[in-house]
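Engineer: pasting the sequence and the predicted model now:
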Amino acid sequence: MASLPSSTIPVAIIDPPRGGIHGSVLKAIRACKPIEHLIYISCSPLSLSADICSLCAVRGGCSGCGIPFMPIALSCFDIFPDTEHVETVVVFERCNDEDGNVNPKSKYYRADAVIDGA
């Protein structure tokens, strides 16, 4: 990864089985500093919600896992009509630090946004 041109933004694309991402893979993704964006394709809303919590957990929620991600876009696709199955695609952006602060240079940054975590 160190040999990538400076204009390259590393993106990881994951499409896990219904059970979600294995814990060791989640930790590896969080620990891989060059990954700035993550595209997650899910066939299970239940495992997706658990994986989102792991990918986005700030300091204390995932000790030693590295800088968290923030979901910036989500789309659902009903490609199996008349069933309970839905495909979901979530795009994540790496936060600025382990406290979950967003990079002010990100096009998704809003200085006036306040999230009540209490």
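Structural biologist: That came through, no problem.
Engineer: please name the bridge partners of the closest residue in space to residue 69 that isn't next to it in sequence.
Structural biologist: Take residue 69 and drop its neighbours on the chain: the residue closest to it by Cβ to Cβ, 6 or more residues apart in numbering is residue 92, 3.8 Å away. Quick note: C-beta positions are derived from backbone N, CA and C, even for glycine. With beta bridges defined as DSSP bridges, residue 92 has these partners: residue 38, residue 71.
Engineer: for residue 49, which three-state class applies?
Structural biologist: The three-state label given to residue 49 by DSSP: H, G, I helix; E, B strand; the rest coil is helix.
Engineer: pLDDT at it, what is it?
Structural biologist: According to the model's per-residue confidence, residue 49 sits at a pLDDT of 92.
Engineer: quick check on residue 41: phi, psi?
Structural biologist: Dihedral angles phi and psi of residue 41 (degrees, to the nearest 10) take the values phi -110, psi 120.
Engineer: which stretches of this protein form strands?
Structural biologist: Defined through DSSP state E, the strands belonging to the chain, from first to last, are 11-14, 37-42, 69-77, 87-94.
Engineer: any chance of those strands in JSON lines, with mean neighbour count, distance to residue 53 and mean pLDDT too?
Structural biologist: What follows is the strands of the chain, written out as JSON lines (neighbours: other Cβ atoms under 10 Å; distance: least, Cβ to Cβ, whole Å; pLDDT from 0 to 100):
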{"stretch": "strand 11-14", "mean neighbour count": "14", "distance to residue 53": "15", "mean pLDDT": "92"}
{"stretch": "strand 37-42", "mean neighbour count": "19", "distance to residue 53": "13", "mean pLDDT": "94"}
{"stretch": "strand 69-77", "mean neighbour count": "14", "distance to residue 53": "11", "mean pLDDT": "91"}
{"stretch": "strand 87-94", "mean neighbour count": "19", "distance to residue 53": "12", "mean pLDDT": "93"}
